[in-house]
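Trainee: got a predicted structure plus its sequence, pasted below:
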Amino acid sequence: MQKQIIFILLLIISFGILAYSLKRIFLFIRLTKPFKIEHIGRHIIEMFKVAFFQTKIFRRPVLGLMHAFVFWGFCIILFGSLELMIDGVSGYEKSLSFLGFIYNILIISGDVFAWLVLIAICVFFARRVFLHVKRFSGIEMKHKSHQDANFALSLIFVLMVTLIWMNILSYSMHPAEYKLLYPIGSLFGEFFVTLSPALLKTGFEINWWTHIIIIFVFMNVLPYSKHFHVFMSVPNVFLSRLEPLGKLPNMDNITKEIKIMMNPDTYVEADQNPPVERFGVKDAEDVTWKTYLDSLSCTECGRCTSVCPANITGKKLSPRKVMMDLRARMKEKGPSLLKDKLYDDKKSLLRDYITTEELWACTTCNACAKECPININHPILIMEMRRYLVMEESAAPSGLNTIFANIENNGAPWQFSPEDRLLWAKDIVRIRT
Ligand code: SF4
Ligand code: SF4
């Protein structure tokens, strides 16, 4: 009973803190602009393809398989964690065993996946510490980013070790009963079956408590670290952009203006809509909630930056940095915006975090969006920030300003009058006549 009371208290505190953190993020999301979701069925297919079947990750087969083991392992082990919590509250053991065959399959898979995840985590650790992979570095990758990654890997490592020990000791305490339930745990458990039941029970309890406390710590660290993608990656893939990547979305407010010019009757409709606050994106609250979710989902893996032609050729632009900057800016400004919607700290995402040099270095090739394992769309944010520069500040590079002036005066990007447009064909016309 004492164990149950302590557990319930810890459970309430942990979920209370988690609810506070998630509420804060939800309020930040509400500060951003709307985003429409259409074609739910196609979004679900994309989610299964990219998130659950990990198709993008498998482009590099060996490491891809290891990532997939970690993801699938987490999905399966989540079931075991849920059962641990129910056990902790109820005081029973194996509370979900009434699920019968499905339960057995999940527990057997959990025992196997605990080992696979452990091996994968060791490989990831070794790769970070010894191999100095280029995509893990960059101007945006501060010491804290590396610490954050190593800390999360350490927590997962301890989670898997304690889970494996729980399985081994469970078998050692009940060898006849759990032989099939722990296919790997039973192999190691054979070495301990002769130990006293009291000693086995103590070993099990130590691992049980360590495991559950690490779960509580981990779930509360996640919302404040890049590992928030554990929560966010599946929903983010569900919300993936479905159109071809190269297609740039129109600006609804500009489309409306043009419709009004073409058909004044639409004035009535226009008047009912609120005025446009700002064209494009200047600061964190100007992005859509989908773009903000992109920034929260970023794992800082650097795959996007490693294929960015601007970055490869020595430009300042790093698509990973663009996402990290948006997340950092909202973290900085969001709390004050929640108190006062008009709060202005005389800083902005544009220029204070992302420079115009970075923005104009983008070729909009979309290699970053194509490479990102969770379908984050960086070019859309870069494009929206450029739209702000052009439409609100007329601050395009001089080459583009010439093109814009030509479009305005000549109806084409070239510096020739529209009347001269067919001059190139005058000889052809003469021959025909
Ligand atoms: S779209 Fe821009 S940011 Fe993305 S890879 Fe191409 S140049 Fe880099
Ligand atoms: S945006 Fe995607 S590819 Fe780039 S670092 Fe983040 S998760 Fe990795």
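Mentor: Looks like it arrived, so ask away. Ligands and ions are numbered 1, 2, ... in the order given.
Trainee: and for residue 119, the neighbour number?
Mentor: Using other CB atoms under 10 Å, residue 119 is surrounded by 14 other residues. Backbone N, C-alpha and C define where each C-beta goes, glycine included.
Trainee: quick check, it in a helix?
Mentor: Yes: checked against DSSP: H, G, I helix; E, B strand; the rest coil, residue 119 lies within a helix.
Trainee: give me the distance between it and residue 77.
Mentor: Relative to residue 77, residue 119 is positioned 14 Å away (CB to CB, to the nearest Å).
Trainee: also residue 411?
Mentor: According to CB to CB, residue 411 stands 62 Å off from residue 77.
Trainee: neighbour-wise, which of these two wins?
Mentor: Shown here are residue 411 and residue 77; by other CB under 10 Å, residue 77 has more neighbours (21 against 11).
Trainee: host element of the more buried one?
Mentor: helix 61-90 (DSSP states H and E).
Trainee: list the buried residues of that helix.
Mentor: If you call a residue buried by 16 or more other CB atoms under 10 Å, then helix 61-90 has these buried ones: 64, 66-73, 76-77, 79-81, 83-85, 87-88.
Trainee: now do the helix or strand where residue 257 lies: which elements does it pack against?
Mentor: According to DSSP H and E, residue 257 maps onto helix 252-262. Counting contacts by 3 or more CB pairs under 8 Å, 6 or more residues apart in numbering; DSSP states H and E, helix 252-262 is packed against helix 267-272.
Trainee: next SSE downstream of the helix it packs on?
Mentor: Scanning forward in sequence from helix 267-272 by DSSP H and E, the next helix or strand is helix 289-297.
Trainee: any idea of the mean pLDDT in that next one?
Mentor: For helix 289-297, mean pLDDT is 94.
Trainee: equivalent analysis for stretch 334-349, please.
Mentor: Averaging pLDDT along stretch 334-349 yields 92.
Trainee: repeat for stretch 405-418
Mentor: For stretch 405-418, mean pLDDT is 85.
Trainee: show me what counts as buried in that stretch.
Mentor: Applying a neighbour-count criterion of 16+ other CB under 10 Å, one finds residue 410 buried in stretch 405-418.
Trainee: what's the spacing between residue 191 and residue 185?
Mentor: From residue 191 to residue 185 the distance is 11 Å (CB to CB).
Trainee: what residues are up against the residue lying closest to residue 31 once chain neighbours are set aside?
Mentor: Spatial nearest neighbour of residue 31, chain neighbours left out: residue 285 (4.7 Å); criterion: CB to CB, 6 or more residues apart in numbering. Applying CB atoms under 8 Å, 6 or more residues apart in numbering to residue 285 gives the contacts 31-33, 330, 333, 337.
Trainee: likewise for residue 235?
Mentor: Neighbours of residue 235 in contact, by CB under 8 Å, 6+ apart: 293, 297.
Trainee: state the pLDDT value of it.
Mentor: 91.
Trainee: near ligand 1, which residues of the stretch 301-433 of the chain?
Mentor: Within the stretch 301-433 of the chain, the positions near ligand 1 by CB under 6 Å from any ligand atom are 308-310, 317, 319, 362-368, 378-379.
Trainee: ok, which of those also contact ligand 2?
Mentor: Contacts with ligand 2 within those, counted by CB under 6 Å from any ligand atom: residue 319.
Trainee: in helices, which of the residues of the stretch 301-433 of the chain next to ligand 1 fall?
Mentor: Taking DSSP state H, the ones among these that sit in helices are 309-310, 319, 367-368, 378-379.
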